[in-house]
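Student: Quick one, what's the 3D model for this:
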Amino acid sequence: GEIDVMRSVKDAEEIRLVEKAIYLADLGMNKAIDFIEEGITEKEVAWALEKEMRDFGADGLAFDSIVATGRNAARPHHRAGDTEIIKGDSVVVDIGAIYGGYRSDISRTIYVGTKAPAEFTDRYNVVLKAQSAAISSVSCGMTGDDVDRVARDVIDSSRYKGAFTHGLGHGVGLNIHEKPMIVSGSEDRLTENMIFTIEPGIYFSNWGGIRLEDVVILEKGGARVLTKSPKVMEKFT
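Tutor: Now for the predicted structure:
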């Protein structure tokens, strides 16, 4: 346990390696967003983004890529399969790269088709608001539970109370999930140079889901977002 706590605070070289892994994941995400269109399968998107990351130097995948379209997106840990993307789907893409032994993790959700309907836009904006509130609140001395509660309160104060069904985030480094855990009940105390995700989401079994995830590093002035991929809400096809 003490080693896990020590590992949660990254030194300069570890930060450099994580940032490189994040850079590669950003490339993969941008490729996925560009590649997604009607008639393409989840697996085809996953392969395109993996090839992009490896072509630019990734040692491998940080975890099995999640590409979840339509109702598959209601399952936070869905793995890319043979389901074809159709107009009107929301597609959750959750990916990461390994570089020098260190990992990254990023999620985006995209509506495919004509202009996104009000239902999707409203749900997306609630998740975005929850993520923004959590990121802006982070400071040294908070616990993982404190940060999780910020995002959860935003979602639970909306019409989607109870739809956020997993923890807000986790540390990233040699493992894809390590301390600090940013979840309900976590007593992990946040300090400078910890790197972790902020990833609220809401899920509906008869519709799909929306998740937005960025990696941040805690500095003296608060959390700095390391992931750079734009939050593209919709793609017209």
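Student: Show me what the lengthiest helix in the chain packs onto, helices and strands only.
Tutor: Ranked by residue count and defined by DSSP state H, the top helix of the chain is helix 12-35. Packing contacts for helix 12-35, counted by 3 or more CB pairs under 8 Å, 6 or more residues apart in numbering; DSSP states H and E, involve helix 42-55, strand 90-95, strand 97-99, strand 102-103, strand 106-113, strand 214-219. Every C-beta, even on glycine, is put in place using the N, C-alpha and C of the backbone.
Student: What count of nearby residues applies to Asn206?
Tutor: By other CB atoms under 10 Å, the residues close to Asn206 number 6.
Student: now stretch 111-130: how far from the chain's centre is it?
Tutor: 16 Å (CA atoms, centre = their mean, to the nearest Å).
Student: Quickly list what the residue positioned nearest the centre of the chain is bridged to.
Tutor: Nearest to the geometric centre of the chain sits Glu213, at 2.5 Å (CA atoms, centre = their mean). Counting by DSSP bridges, Glu213 is bridged to Ser107.
Student: low-confidence ranges in the chain?
Tutor: Where the chain drops to pLDDT under 70, the residues are 235-237.
Student: Could you rerun that using 90?
Tutor: Within the chain, the stretches with pLDDT under 90 are 1-2, 113-115, 232-237.
Student: Surely Ser65 and Asp94 touch.
Tutor: Yes - counting by CB atoms under 8 Å, Ser65 does reach Asp94; the two are 7.3 Å apart.
Student: show me the contacts for Ile66.
Tutor: Residues in contact with Ile66 (CB atoms under 8 Å, 6 or more residues apart in numbering) are His77, His78, Arg79, Ala80, Val92, Val93, Asp94, Ile95, Ser107.
Student: now with 10 Å?
Tutor: The contact partners of Ile66, by CB atoms under 10 Å, 6 or more residues apart in numbering, come to 42, 46, 72-73, 75-80, 92-96, 107, 211.
Student: Fine, thanks again, bye for now.
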